[in-house]
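Enquirer: coordinates only, no sequence provided:
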């Protein structure tokens with residue numbers, strides 16, 4: 001149980017004392033949650049034996065659980081029982097399961113099973129258990145990254161986004177916490193998008209005003225901050241924020257909605273020291289992604305990946321730069337990079353093992 005003396009009613013949001021059984025505003029019964037450790041040893045739906053806690057967040061918990069029939073270990077994401085009282089949280093949880101289950105792609109976390117039964121308190125999603133760490137940890141420890149380290153990571157993010165957009169799914173909460181650096185048995189790294197908890201499905205009703213305003217402000221596109229309908233270009237804006245932070249170790253905008261809407265983003269080379277400045281073509285791509293209006297951003301994640309591939313080839317000295325058809329005019333100037341740093345940073349960035357939780361962790 002939380003040690004806090006108050007919490008928000010999951011139905012109406014009013015403040016409720018921990019000693020009350022019903023909300024004084026809407027009258028909804030208040031369900032108390034067992035602490036995460038109390039779940040260890042339980043078997044959910046006679047299928048998933050909980051063995052350990054991977055993470056706890058504001059909306060629920062992630063456990064390591066063994067599949068009773070198969071015997072392997074999976075990640076089990078469980079919604080706090082009290083949130084089953086909230087129609088919005090039930091919709092979000094259901095849509096997360098549906099969105100993730102629609103996707104079968106190497107750069108998107110795999111979902112095996114899901115259940116939502118409010119009458120008996122069941123709400124869980126079963127996913128593959130990933131080994132590695134989030135991109136947030138990589139940025140915390142190693143940013144700013146060299147372009148030839150950053151771009152291959154972002155190219156995999158683009159590939160995952162392209163798969164989601166092709167399935168009519170907008171992530172809407174793309175951020176370093178939700179980009180997982182999976183360490184594979186052969187020592188390679190694969191990027192996976194996780195946590196589709198507030199995803200929007202383009203072929204479904206997305207008129208819910210509460211849903212439109214959800215997200216992580218730091219990575220929300222201006223149109224998302226205004227509560228307007230979004231399309232895949234909102235994810236591309238978030239990608240631009242991540243790329244900006246990756247290359248500069250700085251925020252793209254201030255910490256308020258008005259800052260996101262009106263702050264002029266400083267081009268990376270204006271905030272980087274002279275010896276770390278990036279090629280003008282890469283700077284132009286970053287600024288293109290961070291355009292305030294979606295019509296001024298690249299047309300698709302595929303186009304962004306193509307531009308990144310061309311930049312990597314240019315940085316390696318393999319080809320002359322070639323402009324993408326939806327790219328703004330750019331200079332072809334480049335700057336030398338330190339090749340030795342590249343191998344060191346990439347090795348450090350992914351040399352972490354262990355099951356990690358995602359989606360429920362604080363931004």
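Expert: Received, thanks. What you see is a predicted model; the values in this text were computed from it and never measured.
Enquirer: now the helices for the chain?
Expert: Secondary structure of the chain (DSSP state H): helices located at 87-102, 135-142, 147-166, 209-212, 222-225, 232-248, 257-262, 268-271, 280-289, 301-315, 339-350.
Enquirer: just send the ones you listed back as a markdown table, with mean pLDDT, mean neighbour count and distance to residue 198 too.
Expert: (Each C-beta comes from the backbone N, C-alpha and C, glycine too.) Formatted as a markdown table, the helices of the chain follow (pLDDT from 0 to 100; neighbours: other C-beta atoms under 10 Å; distance: least, C-beta to C-beta, whole Å):
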| stretch | mean pLDDT | mean neighbour count | distance to residue 198 |
| --- | --- | --- | --- |
| helix 87-102 | 79 | 19 | 6 |
| helix 135-142 | 97 | 18 | 18 |
| helix 147-166 | 97 | 22 | 13 |
| helix 209-212 | 51 | 14 | 7 |
| helix 222-225 | 94 | 20 | 10 |
| helix 232-248 | 98 | 25 | 11 |
| helix 257-262 | 94 | 15 | 17 |
| helix 268-271 | 98 | 17 | 29 |
| helix 280-289 | 98 | 22 | 20 |
| helix 301-315 | 97 | 20 | 19 |
| helix 339-350 | 42 | 15 | 27 |
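Enquirer: in a markdown table, list the ones you listed along with distance to residue 115.
Expert: Output for the helices of the chain, formatted as a markdown table (distance: least, C-beta to C-beta, whole Å):
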| stretch | distance to residue 115 |
| --- | --- |
| helix 87-102 | 8 |
| helix 135-142 | 29 |
| helix 147-166 | 23 |
| helix 209-212 | 22 |
| helix 222-225 | 30 |
| helix 232-248 | 28 |
| helix 257-262 | 36 |
| helix 268-271 | 45 |
| helix 280-289 | 37 |
| helix 301-315 | 31 |
| helix 339-350 | 33 |
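Enquirer: who wins for proximity to residue 70 among these?
Expert: Nearest to residue 70 among the helices of the chain is helix 87-102 (18.2 Å), distances taken as C-beta to C-beta.
Enquirer: and the closest one, what does it pack against?
Expert: Packing partners of helix 87-102 (3 or more C-beta pairs under 8 Å, 6 or more residues apart in numbering; DSSP states H and E): strand 111-117, strand 122-128, strand 200-201, helix 209-212.
Enquirer: okay, the angle between that helix and strand 111-117?
Expert: Relative orientation of helix 87-102 versus strand 111-117 (axes from the mean of the first three to the mean of the last three C-alpha atoms, to 10 degrees): 150 degrees.
Enquirer: quick revisit: of the helices and strands packed on helix 87-102, which is nearest residue 64?
Expert: Among the helices and strands packed on helix 87-102, strand 122-128 sits nearest to residue 64 (C-beta to C-beta), with 11.2 Å.
Enquirer: list the strands paired with the closest one, with their directions.
Expert: Sheet pairing for strand 122-128, assigned by DSSP bridges, gives strand 73-79 (antiparallel), strand 111-117 (antiparallel).
Enquirer: ok, and for it, which residues are buried?
Expert: Using 16 or more other C-beta atoms under 10 Å as the test for burial, strand 122-128 gives 123, 124, 125, 126, 127, 128.
Enquirer: rewinding a little: could you dump the strands paired with strand 122-128 to CSV with mean pLDDT, distance to residue 89 and mean neighbour count?
Expert: Listed next are those as CSV, based on pLDDT from 0 to 100; distance: least, C-beta to C-beta, whole Å; neighbours: other C-beta atoms under 10 Å:
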stretch, mean pLDDT, distance to residue 89, mean neighbour count
strand 73-79, 93, 7, 24
strand 111-117, 86, 10, 16
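Enquirer: quick check: which of those strands is nearest to residue 49?
Expert: strand 73-79 (9.6 Å).
Enquirer: for residue 43, give its distance to residue 62.
Expert: Computed with C-beta to C-beta, to the nearest Å, the distance linking residue 43 and residue 62 is 17 Å.
Enquirer: ok, these two, which is more surrounded?
Expert: Using other C-beta atoms under 10 Å as the criterion, residue 43 and residue 62 rank with residue 62 on top: 26 against 12.
Enquirer: check which residues of stretch 51-71 are buried.
Expert: Judged by neighbour count (16+ other C-beta under 10 Å), stretch 51-71 contains these buried residues: 53-57, 59-67.
Enquirer: okay if I get the residues you listed as CSV plus distance to residue 12 and pLDDT?
Expert: Listed next are those as CSV, based on distance: C-beta to C-beta, whole Å; pLDDT from 0 to 100:
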residue, distance to residue 12, pLDDT
53, 30, 95
54, 31, 93
55, 28, 88
56, 24, 85
57, 21, 76
59, 17, 76
60, 20, 83
61, 24, 91
62, 27, 94
63, 29, 96
64, 34, 97
65, 33, 97
66, 38, 97
67, 38, 97
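Enquirer: name the nearest residue to residue 277, ignoring sequence neighbours.
Expert: Spatial nearest neighbour of residue 277, chain neighbours left out: residue 269 (4.6 Å); criterion: C-beta to C-beta, 6 or more residues apart in numbering.
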